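Undergrad: pasted the sequence and its predicted model underneath.
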Amino acid sequence: MIVGILLAAGTGTRFGSDKLLFPLADGTPVGVQAARNLLSGVDHGVAVLRPSDRQLAHLLEAEGMQVAFCPGAETGMGTSLAFGVTAAQDEDGWLIALADMPFIQHDTIHGVASLLRAGAPIAAPRYQGRRGHPVGFARAFFHDLAQLSSDQGAHPLLAAHAGRIQMLECEDPGIFADIDTPSDLSGLEDAFSIRIDTPGMKTVKL
């Protein structure tokens, strides 16, 4: 069982409003689209939210995500990641995704999860020589992940085990496309075309 951990507990202050509820061009909220993409390639999904994010929680639960409210989310991404992995601690591996990255192709998510299922200790997508998101970890890394804190996330862990990362070579610039500001979203929507009418439909770069 590979579980997708959707990190959705950030404050998004640079966006000026709740960016994960902000609608994409087709009306789908940013966080919901990211959840749908993640669920397309994993066995189960857990979304880590702040306790106050009840509206987003309702939307994600309607998509089939398990919601886990992280009381210490304000301390940083590492805390949220550790909380999410601990909420799904009995699984074989975890695919860590960011809720403000709604443009990752379904095929990419499925491919990274498949590397974990095939025995990769750590797996990640790579496009034009650069590693992106989501990143997968096998069960052997549970204790390391569960002890993360602060805003560094898993970067120190990835740096320490760089030689163990198996890369999925892909043609998916969405693995870098995160949204911080409204102008980011506008520019990304100009660069990507999203089709969500079919669960297996992938994001296509224009």
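TA: Ah, there it is. Numbers count the residues shown, from 1 in each chain.

Undergrad: isn't residue 116 up against residue 2?
TA: Yes - counting by Cβ atoms under 8 Å, residue 116 touches residue 2, with 5.4 Å between them. Any C-beta I mention is one placed from the backbone N, CA and C, and that applies to glycine too.

Undergrad: what touches both of those two?
TA: Common contacts of residue 116 and residue 2 (Cβ atoms under 8 Å, 6 or more residues apart in numbering): 92, 93, 95, 136.

Undergrad: quick one: residues contacting the residue nearest the centre of the chain.
TA: By Cα atoms, centre = their mean, the chain has its centre lying nearest to residue 97, at 1.3 Å. Residues near residue 97 by Cβ under 8 Å, 6+ apart: 4, 5, 6, 7, 34, 37, 38, 104, 109, 133, 134.

Undergrad: then the second one would be within a strand, right?
TA: Yes - going by DSSP: H, G, I helix; E, B strand; the rest coil, the assignment for residue 5 places it inside a strand.

Undergrad: once you drop chain neighbours, what's closest to it?
TA: Setting aside the residues directly before and after it, residue 5 is nearest to residue 84 in space (Cβ to Cβ, 6 or more residues apart in numbering), at 4.0 Å.

Undergrad: quick one: the helix or strand harbouring the one you found to chain centroid distance?
TA: In the assignment (DSSP states H and E), residue 84 maps to helix 77-87. Remark: helix 77-87 is offset 12 Å from the chain centroid, using Cα atoms, centre = their mean, to the nearest Å.

Undergrad: now for that helix, which elements pack on it?
TA: strand 2-7, strand 44-49, strand 66-69, strand 93-98, helix 142-146 (3 or more Cβ pairs under 8 Å, 6 or more residues apart in numbering; DSSP states H and E).

Undergrad: buried ones in that helix?
TA: If you call a residue buried by 16 or more other Cβ atoms under 10 Å, then helix 77-87 has these buried ones: 77, 78, 79, 80, 81, 82, 83, 84, 85, 87.
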